[in-house]
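J.: would you be able to build a 3D model of this:
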Amino acid sequence: MELESLGAYLKSRRDRVTPAAVGLRTYGITRRVPGLRREELAQLAGVSVGYYTRLEQGQAGTASRQVLDALASVLHLDPAETAHLHNLARQPTTSRLVRPRPERPHPRVLTLLASLAETTPAVVLGRRGDVLAWNRTGHALVAGHVPFDAPHRPTGRPSVPRMFFLDSPIRDLHRNWDELARIHVAYLRLTAGRYPTDARLAELIGELAMRSDDFATLWAKGDVADCTVGTMRLRHPTVGDVDVDYQVWLQPDSPDHRLEVYTPHDSTSADALRLLSHQVADQQEADRQEPDQQEADRQEPDQQEADQREPETALSEAPWRLDG
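T.: Next up is the predicted model:
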């Protein structure tokens, strides 16, 4: 799938800004565009109409930071949207998609994840939202139906965007799915602007646009947002309704990777998370005991067979004792 261009983004942003929002009076005249006209945006940003038109059509070359900031101001872009605008402006007009190597979490983030123990659910996410690692409570909270060791397989790692739009258990898990879906798509667009040549990212976006009408509708809106804090309202299959606040810890060693940590939103949710951690501990204990039980089950028939052979040995030795 071809990713977004600077011109397409500029057009989608000016379409959403009404003349009244920037102090322009229309005097009741019927307008053919939903938002600002090109000449209106150019005038307010202090650039020529011809230059802005070429910029939107991808024919103006590289725009200066001053021009981009002026456009962002008129379009009322927030910091994430402004960063996306600059990212798009830095893209070469022609670029070849490159398939990056599988991501590997840095040892330091794995150490940090381990230090959280199982009382705090946490997940390490890669550039495209792939799960690179999680602790057992994090796994049980957000995707317990997926094998725990799935992140260990680089070619088969769970993809949070893919699960969110294509996996019905994940959709059923989130009571505020609509809100989180918008955030996921907006963050994916921000990531696409940062890494325009990432072939795996382009393939993911194309797959979701083809297979999910919800994703395609949200993607067409052109929204951009960072994803650092928020609340997930879950209907968990084993602990019931639980609301958790997520916060993202960025990793200096791996800027593409994020450690997402979940904490209870209220006291009821705190009780639910404690129950979940106890369930995880009980399951771990059961998993540890299972190999021992299997070994005991294998040894029991051998012992029974030995017990059955023992009388035969005694009878075979009986004549020796009688002869003595």
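J.: what's the local residue count around Trp177?
T.: 18 (other CB atoms under 10 Å). C-beta here means a position set from N, CA and C on the backbone, and glycine is covered the same way.
J.: quick check: closest non-adjacent residue to it.
T.: Arg171 (5.6 Å; CB to CB, 6 or more residues apart in numbering).
J.: centre-most residue in the chain?
T.: Gly129 (3.3 Å; CA atoms, centre = their mean).
J.: how far away is that one from Glu260?
T.: 10 Å (CB to CB, to the nearest Å).
J.: ok, Leu85 next?
T.: For Leu85 relative to Glu260 (CB to CB), the value is 26 Å.
J.: and for Val280?
T.: Taking CB to CB, one finds Val280 at 18 Å from Glu260.
J.: now do Tyr262: how many residues are near it, please.
T.: Tyr262 has 23 nearby residues by other CB under 10 Å.
J.: that one against Trp134, yeah?
T.: No - at 10.6 Å, Tyr262 and Trp134 do not qualify as touching, with contact defined as CB atoms under 8 Å.
J.: can you list residues touching both of those two?
T.: 122, 142 (CB atoms under 8 Å, 6 or more residues apart in numbering).
J.: flag the shaky bits of the stretch 151-300 of the chain, pLDDT-wise.
T.: Low-confidence segments of the stretch 151-300 of the chain (pLDDT under 70): 290-300.
J.: strands of this protein, start to end?
T.: 122-125, 131-134, 229-236, 240-251, 254-264 (DSSP state E).
J.: partner strands of the second one, parallel or antiparallel?
T.: Translated: strand 131-134. strand 122-125 (antiparallel) (DSSP bridges).
J.: what's the average pLDDT for the partner strand?
T.: Per-residue pLDDT over strand 122-125 has a mean of 97.
J.: same question, stretch 31-40
T.: On average, stretch 31-40 scores 85.
J.: what's the first-to-last distance across that stretch?
T.: End-to-end span of stretch 31-40 (CA to CA, to the nearest Å): 13 Å.
J.: buried sites along it?
T.: Going by neighbour count (16 or more other CB atoms under 10 Å), the buried part of stretch 31-40 is 35-36, 38, 40.
J.: show me which residues of stretch 241-255 are buried.
T.: In stretch 241-255, counting by 16+ other CB under 10 Å, buried: 242-244, 246, 251, 254.
J.: what's the answer for stretch 100-111, then?
T.: Buried, per 16+ other CB under 10 Å, within stretch 100-111: 103, 105, 109.
J.: and those, which is closest to Arg182?
T.: Nearest to Arg182, judged by CB to CB, of the buried residues of stretch 100-111 is Glu103 at 25.3 Å.
J.: give the contact list for the closest one.
T.: 126-127, 130, 132, 154, 256-257.
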